[in-house]
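Q: Here is the input, now give the coordinates:
(3 chains)
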Amino acid sequence: MREIIRLDTHEREQLIDITAQVQAIVARSGVRDGLLALYCQHTSAALMIQENWDSSVPTDVVTLLRKLVPRGAGWLHDQQDDNADAHLKAGLIGPSETIPLVDGKLALGRWQNVFFCEFDGPRPGRSIVCTVIADR
Amino acid sequence: MREIIRLDTHEREQLIDITAQVQAIVARSGVRDGLLALYCQHTSAALMIQENWDSSVPTDVVTLLRKLVPRGAGWLHDQQDDNADAHLKAGLIGPSETIPLVDGKLALGRWQNVFFCEFDGPRPGRSIVCTVIADR
Amino acid sequence: MREIIRLDTHEREQLIDITAQVQAIVARSGVRDGLLALYCQHTSAALMIQENWDSSVPTDVVTLLRKLVPRGAGWLHDQQDDNADAHLKAGLIGPSETIPLVDGKLALGRWQNVFFCEFDGPRPGRSIVCTVIADR
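A: Here you go, the predicted model:
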């Protein structure tokens, strides 16, 4: 069973909590036990499991990645398209996460949320493929 | 088939080799071919596949992450809870790894081991969900 | 269904596009819907989903990782084997990626390609295990 989450983003770099949408897909699937595979279909965005108690950790993630991968720091790809930093951040964080399903729910830890990480927004129609695999 | 590994950690930052526990779960599952999905249920810990010839590489991993993500470097989350660096390290490394099963064993390369990465210990009862999916 | 991709690498650090080989394995499997799990069996190499419009982004990835993880920067593991940086880069990027299959094809985004990342080449016989799981 598969569904696609579509998202519009509103800033160049931001983390958007998609846990509720993902949980709703799991509920619609009817699968009790198995795996949920999340996949971001972009090379300038990624997925991260992270704490969402308040906006501090998501903001710190953006700050850290700006420090590790400075924009416009002489990257070759900036000569084609001024977003090398976005591709590099996306490659570091990665597009896929696989989460177990237990009793029909995502087996997230108490503080874990699923975030879409935009690194080259704002952009309409970002897509995340959600595949539910039952353990039969 | 699913089992949970529970671990107590003893240092703030350390890598703990859990390969033998994971392999025992695979053996108990009776599954010969398929996938093992590992999932760490914490936002201040992660999973890494890495060499364990001796303690040098695991120690270098801790050193590298301290350099890339310095503790107390003005992170917003440190105002709530003094562990922003732990969340950021966990987000960089990630909580999930999926390993193929071949003839009833993890298809790890010769030098590969599975490590739980603690970034905010010592803590009791860290949990890693291990899901075995057969390829039928 | 499972197949192994074997690769010879020719530089110390390079990204090699393996999308066509992976797509061919998916086609041979006959699976229309499900997941493809990719797994790199090495601790000095990794897998990354990234843009391949031209060589600029793959080259920038190598440049970034050299900056984040400098070779010979006093790593403990260099006393055993002069490749600590390769292990650290491999651990940061990670060995596994899971990609959905839709209508018998990898559901990659328009710009996404699958890269094998060599960090300690040249080496013969690098291996990537490709496992196809049908969603039945």
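
Q: contacts and neighbour counts: CA atoms only from here.
A: OK.

Q: what are the ranges of the helices in chain A?
A: Using DSSP state H, the helices assigned to chain A run over residues A:19-29, A:56-68, A:84-93.

Q: so can I have a markdown table of these showing distance to chain B and mean neighbour count?
A: Converted to a markdown table, those look like this (distance: least, CA to the nearest CA, whole Å; neighbours: other CA atoms under 10 Å in any protein chain shown):
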| stretch | distance to chain B | mean neighbour count |
| --- | --- | --- |
| helix A:19-29 | 15 | 16 |
| helix A:56-68 | 5 | 19 |
| helix A:84-93 | 6 | 25 |
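
Q: out of everything not next to it in sequence, what's closest to the residue nearest the centre of chain A?
A: For chain A, the residue nearest the mean C-alpha position is residue A:47 (2.2 Å; CA atoms, centre = their mean). Leaving out its chain neighbours, the residue that sits closest to residue A:47 by CA to CA, 6 or more residues apart in numbering or on different chains is residue A:116, at 4.9 Å.

Q: Thought residue A:50 was touching the one you found, still the case?
A: No: Residue A:116 is beyond contact range of residue A:50, at 10.3 Å (criterion: CA atoms under 8 Å).

Q: between those two, who's got more neighbours?
A: residue A:50 (26 against 23; other CA atoms under 10 Å in any protein chain shown).

Q: Tell me which residues touch the closest residue to residue A:37 other than its chain neighbours, please.
A: The shortest distance from residue A:37 to any non-neighbouring residue, by CA to CA, 6+ apart, is to residue A:98 (4.4 Å). Applying CA atoms under 8 Å, 6 or more residues apart in numbering or on different chains, we find residue A:98 in contact with A:35, A:36, A:37, A:38, B:37, B:39, B:96, B:97, B:98, C:98.

Q: For residue A:101, give me its contacts.
A: Residue A:101 neighbours (CA under 8 Å, 6+ apart): A:31, A:32, A:33, A:34, A:35, A:36, A:107.

Q: again, 6 Å this time
A: Taking CA atoms under 6 Å, 6 or more residues apart in numbering or on different chains, we find residue A:101 in contact with A:33, A:34, A:35, A:107.

Q: Which of those residues fall within strands?
A: A:34, A:35 (DSSP state E).

Q: Which member of the contacts of residue A:101 is positioned nearest residue A:88?
A: Nearest to residue A:88 among these is residue A:35, at 28.1 Å by CA to CA.

Q: I figured the closest one hits residue A:135, correct?
A: No: taking CA atoms under 6 Å as the definition, residue A:35 is not a contact partner of residue A:135, at 7.5 Å.

Q: before we move on, back to that, for the residue nearest to residue A:47, what are its contacts?
A: Contacts of residue A:116 (CA under 6 Å, 6+ apart): A:15, A:16, A:47.

Q: and what of residue A:6?
A: Applying CA under 6 Å, 6+ apart, we find residue A:6 in contact with A:125, A:126, A:127.

Q: Show me which of those residues is closest to residue A:56.
A: residue A:126 (23.8 Å).

Q: Can you get me a residue count around the nearest residue to residue A:102 once chain neighbours are set aside?
A: Of all residues not flanking residue A:102 in the chain, residue A:33 sits nearest, at 5.0 Å (CA to CA, 6+ apart). Using other CA under 10 Å, residue A:33 has 22 neighbouring residues.
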